[in-house]
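Asker: Structure for this input, please:
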Amino acid sequence: MRLLYLSHGSRHTGGYAHEQYLFEALKAQLPAESREIRFTKHFKGPLAWLRLGWMAFREAKKADRVITVARLAWPVWLAIRSNPDKQMLLVLHNYDPNDGKPKLFYRLLDRFLLKIASAYPERVHVVCVAACWKKLFRKRFGVEAFLYPNLFPSEPYQRLRREVNKNAKLIHLGQWSAKANQILYRKMIPLLAQRGYTCFFSSPEAVEQKEFPVRHFLRKEDYLAALAESAASIILNRVREGWSRVAHESFLLGTPVVCLPGGGLEELTRLAGGRVGHGAEEIIGILDHPETLSANPESLASFHADHAAEYVQPLVQWLK
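Answerer: Numbers count the residues shown, from 1 in each chain. Just a heads-up that it's a prediction; the model follows:
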């Protein structure tokens, strides 16, 4: 069996990390010749997208089983469709038509890819990261998706929980990205400052940002220590996230999360003892009563990295 993991992007995102863990788990279970190809160039405009599609098509022709993402799925399907023994695993982290992607993206996804997954479940299968997305794909598109969640080792987080002291006036605002709800943060940050809180966004890369307090962490250990020290993480996104790795790490470090409703982030937050708010004033009200906030790392035990083989087994059986 020739197994190919095909993706694109110039940055090491949470989605990329999830896909890599999935690929490694499949490699460990399958008797396959495995390879990963990631197109790191920034592709912009119709001609560049067609070029990206052609490169994905060319590589997919050489494989029997392809793990890929939505933007590359249509050329992958064109490459494998004539051979009934070939299969595609389509990884969808979330589903939000208001996330700013081109309209063509969701037209292709809705009218083409998800219809194929529904009509040919033996050839194309969707992989999602949270139960809420599995439910959505079943209800809206008749697609029975596989669930492969974000998985974490618990030991590094347990150690930091023991070693780092909490700062009751330090608030983590999540990882800085284009997904941040800047309008809501502009309302929140002055209200937090009035109450004596110090706030910061975290970023693994240097960011030129004068309006918002962004801290660049060169080492992940330093970022995790700052997250463990924080009294809470307030993660307000304008996009319905698939499953926030930052929020998951926050809970593992004993730092409760407050978020907006929707998507895998709400599912995670409710599961682990955080709170869901609907606006700046409501979220401030939650912080004014810290006794209503909690972080329960034990509730996330089923997402331990040791469970990788268990989660991947249905996918392995399907691919075989």
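
Asker: And the contacts of the longest strand along the chain?
Answerer: Taking DSSP state E as the criterion, the chain has its longest strand at strand 167-175. Applying Cβ atoms under 8 Å, 6 or more residues apart in numbering, the contact partners of strand 167-175 are 180, 185, 189, 192, 196-204, 212-213, 226-227, 229-237, 244, 246-247, 250, 255, 287, 290. Where C-beta positions appear, they are placed from N, C-alpha and C, glycine not excepted.

Asker: Going by contacts, tell me the helices and strands next to the next helix or strand after it.
Answerer: Where DSSP states H and E defines the elements, the next helix or strand beyond strand 167-175 is helix 182-194. With contacts taken as 3 or more Cβ pairs under 8 Å, 6 or more residues apart in numbering; DSSP states H and E, helix 182-194 sits against strand 167-175, strand 198-203, helix 280-287.

Asker: so which of these comes closest to residue 96?
Answerer: Residue 96 lies closest, by Cβ to Cβ, to one member of those: strand 167-175, at 16.9 Å.

Asker: Between strand 198-203 and that closest one, find me the angle.
Answerer: Interaxial angle, strand 167-175 versus strand 198-203 (axes from the mean of the first three to the mean of the last three Cα atoms, to 10 degrees): 30 degrees.

Asker: quick check: angle from strand 167-175 to helix 280-287?
Answerer: If you take the same axes, to 10 degrees, strand 167-175 sits at 140 degrees to helix 280-287.

Asker: Can I get strand 167-175 as PDB, trimmed to CA atoms?
Answerer: Coordinates of each C-alpha in strand 167-175 appear next as PDB, following Å, rounded to 0.1, in the frame of the first residue of the first chain:
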ATOM      1  CA  ASN A 167      -1.200  35.100  39.000                       C
ATOM      2  CA  ALA A 168      -4.800  36.100  39.700                       C
ATOM      3  CA  LYS A 169      -4.400  39.300  37.600                       C
ATOM      4  CA  LEU A 170      -2.900  37.800  34.500                       C
ATOM      5  CA  ILE A 171      -5.200  37.000  31.500                       C
ATOM      6  CA  HIS A 172      -4.200  35.100  28.400                       C
ATOM      7  CA  LEU A 173      -6.200  36.200  25.400                       C
ATOM      8  CA  GLY A 174      -5.400  33.200  23.200                       C
ATOM      9  CA  GLN A 175      -3.000  32.900  20.300                       C
END
